[in-house]
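Participant: Sequence and predicted model, in that order:
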Amino acid sequence: MRINGLLSWYNGKIVVGVIFMCGRYAVFTEYEYDEIKSIIDEVSEKYKTSEDIVNGEVFPTNTAPVIYREKDKSVLAPMKWSYGQYSGRPIINARAETITEKLMFQSSLHQRRCLIPANAYYEWKQEEGVKRKTKFEISVSQSRIFFMAGIYNVFKDNNNKQYTGYAIITTTANQTTASIHDRMPVIIEPGLEKLWIEQNSESIKDVIGMLKPYTYKNVVLSAGANK
């Protein structure tokens, strides 16, 4: 089963897009999810994950589908949104500006990069004189799906149980989104997805060059998204 036209370079199965936010994201649950529900079920069965792959709002430490490269194949697998912990809290993001300097991220940047499929992501803006923040849905113009840059590794949870966890890489906001928030996820330009997850060490300079604000297409801001 395939979702036609979403990922021309990927020669396997692809899952539904997700909505990313600073502290959580959500998998669509309506038409698009129904279209690929059997794929998610297949992934769950194949990997025998003890935690369900979420199909609604995804919070840190939830399990969600991620794409990575293994030898010469693109692999779809469930991973936990938690790149280990710091001071007892899950690490869910890695800053592009410092990712090459921090030891906890260095090896993964070189050897364990992944893609997180998305339809849009959320940010909240504090309006002057208003107590309640305005929620914005941010999407890429004329794209059903895009891919955020991530890294992954193997960790142990508080019960000493091993799991594979990922973090989403963030960068400074582009011109369109800067009025809402000063950060945004690194979005991979169309056609460069395979390069991002490729394990060829000679491509690392090109990979690092991808860690920048998204300018390939316009992004669309929609205020008042459902909470």
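Facilitator: Received it, and whenever you're ready, just let me know what you need.
Participant: from here on, contacts and neighbour counts on C-alpha atoms
Facilitator: Noted.
Participant: how close does residue 82 sit to residue 138?
Facilitator: Distance of residue 82 to residue 138, computed by CA to CA, to the nearest Å: 23 Å.
Participant: Then residue 218?
Facilitator: 10 Å.
Participant: ok, now residue 60?
Facilitator: 20 Å.
Participant: swap in residue 214?
Facilitator: In terms of CA to CA, residue 214 sits 12 Å off from residue 138.
Participant: tell me which element the residue most central in space within the chain falls in.
Facilitator: In the chain, the C-alpha nearest the mean C-alpha coordinate belongs to residue 116, at 3.2 Å (CA atoms, centre = their mean). For residue 116, the element it lies in under DSSP states H and E is strand 113-118.
Participant: Tell me the buried residues in that strand?
Facilitator: 113, 114, 115, 116, 117, 118 (16 or more other CA atoms under 10 Å).
Participant: Can you name the element that comes right after it?
Facilitator: Counting by DSSP H and E, what follows strand 113-118 is strand 120-125.
Participant: need the next SSE after that following strand, C-terminal direction.
Facilitator: Strand 120-125 is succeeded, C-terminally, by strand 134-140 (DSSP H and E).
Participant: Name the residues of that following strand that come out as buried.
Facilitator: Applying 16+ other CA under 10 Å to strand 134-140 flags 135, 136, 137, 138, 139, 140 as buried.
Participant: give me every residue that touches residue 203.
Facilitator: Residue 203 makes contact with residue 195, according to CA atoms under 8 Å, 6 or more residues apart in numbering.
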